[in-house]
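[1] Coordinates for the following, if possible.
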Amino acid sequence: MSALETIERNEEGFLVHPADWTKELAVEIAQEEGLDELSEAHWKVIEFARANAESSGASPTLRQITNGAGVPTKELFKLFPKGPAKKVAKISGLGKPEGCV
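    Predicted coordinates:
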């Protein structure tokens, strides 16, 4: 049984309880989102997003990620295709970012 099967998530797949997050869980969610592997660059963005959310109380926006993690927008779309802010938040165990559809 995978760790994901024991974790409570909402209808969009976001963790209901961000405290349930682990790196192993992040890998499983990433695979679910079509990312086979999380590189060092992926982890840099994920760790930034978690730290940012801890201090601000909300998932970071695309602009906050690109500025704060120092990852250009184009690179972010390569790392997390099709809606990077939403994917980063989901993989990071955070809620859906404001302004995401």
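
[2] CA atoms only for the lengthiest helix in the chain, dumped as CSV, please.
    In the chain, ranked by residue count with DSSP state H as the criterion, the top helix is helix 40-56. What follows is helix 40-56 as a C-alpha-only set of coordinates in CSV (Å, rounded to 0.1, in the frame of the first residue of the first chain):
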residue,chain,number,x,y,z
GLU,A,40,17.8,18.7,-7.2
ALA,A,41,16.1,21.7,-9.0
HIS,A,42,12.7,20.2,-8.2
TRP,A,43,13.6,19.9,-4.5
LYS,A,44,14.9,23.5,-4.4
VAL,A,45,11.5,24.7,-5.5
ILE,A,46,9.6,22.4,-3.2
GLU,A,47,11.7,23.4,-0.2
PHE,A,48,11.3,27.1,-1.0
ALA,A,49,7.5,26.6,-1.3
ARG,A,50,7.2,24.8,2.0
ALA,A,51,9.4,27.5,3.8
ASN,A,52,7.4,30.3,2.2
ALA,A,53,4.1,28.8,3.1
GLU,A,54,5.3,28.3,6.7
SER,A,55,6.1,32.0,7.1
SER,A,56,3.2,33.4,5.0
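
[3] Looking at the residue most central in space within the chain now. What's its pLDDT?
    Central residue of the chain (Cα atoms, centre = their mean): V88, 2.5 Å from the mean position. The score at V88 is 96. That number is its pLDDT.

[4] contacting residues for it?
    Residues in contact with V88, defined by Cβ atoms under 8 Å, 6 or more residues apart in numbering, are 45-46, 49, 59-60, 65, 76, 80. The C-beta positions use only the backbone N, C-alpha and C, and glycine is treated the same way.

[5] So it versus E24, what's the distance?
    Between V88 and E24 the distance is 18 Å, computed by Cβ to Cβ, to the nearest Å.

[6] And for R63?
    Taking Cβ to Cβ, one finds R63 at 30 Å from E24.

[7] hang on, the earlier thing: any idea which of the contacts of V88 is closest to E32?
    F80 (13.0 Å; Cβ to Cβ).
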